[in-house]
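Q: Provided below for reference: sequence and predicted model.
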Amino acid sequence: MALIKKKKIQGADIPTSSMADIAFLMLLFFLVATVIDTDFGLGIQLPEYVEEITEVKVDPNRLVRVNINDMGKVLFGYGKNPDNELEFKLIQKSISDILTRRIEQPENKKIIVSLKTARLTKYNVYLQALDAIKSAYKQVRDDRAVQLTGQKFDALDDKNPVKDQIKKEIPVVISLAEPEKVTSQTAN
């Protein structure tokens, strides 16, 4: 008796010759289609370089002092008043109140906000304080614009004379002083 050999059924083969081409095309697609997030940094306008530095005396009644120690505690002083400890979340409200009271003052009596930090102050705390100061200016300008025109400050056209008036009434003057040792009486 003759034995009949059974044929083995061959499995399906996947052609792999074009896999490299497909992988390359996928790589190229994802490189082109991916959006890369870019950091823009801080929007701070630095003063122009001046050859000869002249010291200018500032009237203490114009100065709002925001001092932050290395533990993140805020010392707040206005005019000749001594620096008192202030909650961090009250920086914006305190500066807004002072700016609102000083709108009608002449240009040479406008507020200057000085932000000083200790050397070991965390950068995030510094940025939050700077944001609070800028927000105070924005809030007061918006309130003044709504009072005069019914629109917020940013919604006003650049050619609108009211916008120029508000810029003169509430100039943004922030002094970012060199870090120094800032302490608190209650800080341990």
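A: All right, it came through fine.
Q: Next up, identify which helix or strand the residue sitting nearest the centre point of the chain is on.
A: Geometric centre of the chain, nearest residue: residue 131, 4.8 Å, by CA atoms, centre = their mean. Element membership for residue 131 (DSSP states H and E) is helix 123-149.
Q: For residue 99, see how far away the residue nearest to the centre of the chain is.
A: Distance, residue 131 to residue 99, by CB to CB, to the nearest Å: 16 Å. Glycine gets a C-beta too; all of them are placed from N, C-alpha and C.
Q: just to revisit the earlier point, by contact count, what packs against the helix holding residue 131?
A: If contacts are counted by 3 or more CB pairs under 8 Å, 6 or more residues apart in numbering; DSSP states H and E, helix 123-149 sits against strand 63-68, helix 91-101, strand 112-117, helix 161-169, strand 174-176.
Q: Just name the most buried of the ones you listed.
A: strand 63-68 (a mean of 23; mean count of other CB atoms under 10 Å).
Q: residues in contact with stretch 83-100?
A: With contact meaning CB atoms under 8 Å, 6 or more residues apart in numbering, stretch 83-100 is reached by 64-67, 72-78, 111, 113, 125, 128-129, 132-133, 135-137, 139-140, 143, 170, 184-186.
Q: How far does that stretch sit from its chain's centre?
A: Distance, stretch centre to chain centre, for stretch 83-100: 18 Å (CA atoms, centre = their mean, to the nearest Å).
Q: got it, and stretch 6-17?
A: Counting by CA atoms, centre = their mean, stretch 6-17 comes out at 64 Å from the chain centroid.
Q: And for stretch 106-124?
A: 14 Å.
Q: And for stretch 156-175?
A: 20 Å.
Q: Stretch 15-33 now?
A: With CA atoms, centre = their mean, you get 42 Å for stretch 15-33.
Q: pLDDT value on the residue nearest to the centre of the chain, please?
A: Per-residue pLDDT puts residue 131 at 92.
Q: neighbours around the closest residue to residue 154 other than its chain neighbours, how many?
A: Among residues not flanking residue 154 along the chain, residue 142 sits closest, at 7.7 Å (CB to CB, 6 or more residues apart in numbering). Applying other CB atoms under 10 Å, we find 16 other residues in the vicinity of residue 142.
Q: what sits against residue 142?
A: 152-154.
Q: Can you tell me which of these has the most neighbours?
A: Highest count within those by other CB under 10 Å belongs to residue 153, 22 neighbours.
Q: how much space between it and residue 6?
A: Counting by CB to CB, the gap from residue 153 to residue 6 is 88 Å.
Q: try residue 38
A: 66 Å.
Q: Need the phi and psi values for residue 71.
A: Dihedral pair for residue 71: phi -100, psi 0, per degrees, to the nearest 10.
Q: again, but for residue 30
A: phi -70, psi -30.
Q: Next one, pLDDT for residue 36 please.
A: For residue 36, pLDDT reads 80.
Q: Which residues are in contact with it?
A: So residue 36 contacts nothing (CB under 8 Å, 6+ apart).
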